[in-house]
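A.B. asks: Sequence and predicted structure, then a few things I'm wondering about:
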Amino acid sequence: MRYRHGFHAGNFADVHKHVTLLALLRAMQRKDKGFLYLDTHAGAGRYDLGAAETHHGAEARSGVTAVLNAASTLEAEELSDYVAAIGALRSALGDAGAYPGSPWLAAYTLRPQDRGVCCEIVPAECRALERALGGWRRVRAECADGYQRLPALLPPRERRCLILIDPPYEQPSAELEQATHAIGDALARLANAVIAVWYPIKDERALGPWLQRLEQHLAAPALSLELWIYPRDSRVSLNGSGLLIVNPPYQFEQRAEQWQGELQRLLDKSRHGGSCARWLVRESDVDHAAR
């Protein structure tokens with residue numbers, strides 16, 4: 001599977017990832033002290049759902065468009081927060097087809113005491129990212145490999161950090177292992193770092209053993225959030241979306257169960273999917289987002 005940010009902009013997996021990201025950012029902001037947001041695979045920052053590269057929003061129609069169409073009936077505040085962020089971008093640009101990537105969502109959400117670093121290794125994507133973040137002084141784009149930048153950026157001066165790892169998964173097994181190494185490196189430099197790793201639900205032969213290894217060896221609380229809209233072993237391009245949350249905020253799984261359940265009802269028209277929030281490594285009594 002070749003995952004391209006632009007092509008898949010606004011699809012169900014993007015919705016799942018972005019709602020989770022916004023919820024994590026809000027949880028980090030329960031404390032006044034600032035934090036660093038680090039995006040290792042940032043992409044272009046924002047997208048045009050009317051453009052040819054997104055197939056004119058074809059995948060978005062069963063993702064973000066379905067959520068926006070249900071905006072007046074949404075129950076979970078996390079989904080309403082997501083809808084409001086999209087509305088803010090479209091209002092700012094005067095473009096009804098604009099869609100934010102994770103860097104823009106973070107820049108929109110961060111407070112004056114917070115800051116962000118968004119890394120993108122593909123030159124054309126990084127130039128687009130610089131343009132997307134041009135109006136935000138507290139967030140900068142770096143044309144670099146996000147994994148290689150981790151040692152220089154951690155620990156941050158704030159001693160608090162939220163890291164999003166969202167690789168392209170052109171070689172899924174190898175990239176899952178890369179993400180595992182990045183988690184270990186980050187925790188070695190900042191034990192209370194909150195880390196979110198997006199992963200595709202497609203090949204259970206690779207995914208299942210990876211999650212089992214994390215469950216056995218990860219030395220930090222870890223929560224798996226999953227939303228799938230096709231049977232998990234279906235031969236479609238992408239069956240579902242997963243997020244591994246290391247050091248999740250206090251009671252984060254309870255809120256996630258609510259918004260994931262609502263997302264499934266909105267997006268899983270065939271009713272062949274599901275959602276779950278499952279502990280791989282059991283929670284501690286520490287709220288890592290608030291430290």
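C.D. replies: On my side now, so go ahead.

A.B. asks: which helices and strands sit right next to the lowest-mean-pLDDT helix or strand in the chain?
C.D. replies: When the helices and strands of the chain are scored by mean pLDDT, DSSP states H and E, helix 204-217 comes last with a mean of 91. Judged by 3 or more CB pairs under 8 Å, 6 or more residues apart in numbering; DSSP states H and E, helix 204-217 is in contact with helix 172-189, strand 194-201, strand 222-228, strand 240-246, strand 274-281. Heads up, the C-betas are built off the backbone N, CA and C, glycines and all.

A.B. asks: what comes up buried for the first one?
C.D. replies: Judged by neighbour count using 16 or more other CB atoms under 10 Å, the buried positions of helix 172-189 are 172, 175, 176, 179, 180, 182, 183, 186, 187.

A.B. asks: who's in contact with the fourth one?
C.D. replies: Contacts for residue 179 (CB atoms under 8 Å, 6 or more residues apart in numbering) come out as 165, 167, 197, 199.

A.B. asks: how about the helices and strands packed on helix 204-217 in CSV, adding distance to residue 136 and mean pLDDT?
C.D. replies: Below are the helices and strands packed on helix 204-217 laid out as CSV (distance: least, CB to CB, whole Å; pLDDT from 0 to 100):
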stretch, distance to residue 136, mean pLDDT
helix 172-189, 24, 95
strand 194-201, 20, 97
strand 222-228, 27, 97
strand 240-246, 24, 97
strand 274-281, 31, 96
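
A.B. asks: got the residue ranges for the strands in the stretch 51-200 of the chain?
C.D. replies: 98-100, 115-119, 139-142, 161-165, 194-201 (DSSP state E, counting those that start in this stretch).

A.B. asks: Quick one: closest of those strands to residue 90.
C.D. replies: strand 98-100 (5.0 Å; CB to CB).

A.B. asks: That closest one - which strands sit beside it in the sheet, and in what orientation?
C.D. replies: Using DSSP bridges, the strands paired with strand 98-100 are strand 46-48 (antiparallel).

A.B. asks: For the partner strand, buried residues please.
C.D. replies: Judged by neighbour count (16+ other CB under 10 Å), strand 46-48 contains these buried residues: 46, 47, 48.

A.B. asks: Just the residues contacting that strand, thanks.
C.D. replies: Here strand 46-48 makes contact (CB under 8 Å, 6+ apart) with 5-6, 9-10, 53-54, 89, 95, 97-101, 104, 132.

A.B. asks: Please repeat the previous calculation with a cut-off of 10 Å.
C.D. replies: Here strand 46-48 makes contact (CB atoms under 10 Å, 6 or more residues apart in numbering) with 5-10, 14, 53-54, 56-57, 60, 89, 93, 95, 97-101, 103-105, 128-129, 131-133.

A.B. asks: So how do I select the buried members of the residues you listed in PyMOL?
C.D. replies: Buried residues among the contacts of strand 46-48 (16+ other CB under 10 Å), as a PyMOL selection:
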select buried, resi 5+6+8+9+10+14+54+57+60+89+97+98+99+100+101+103+104+105+128+129+132+133
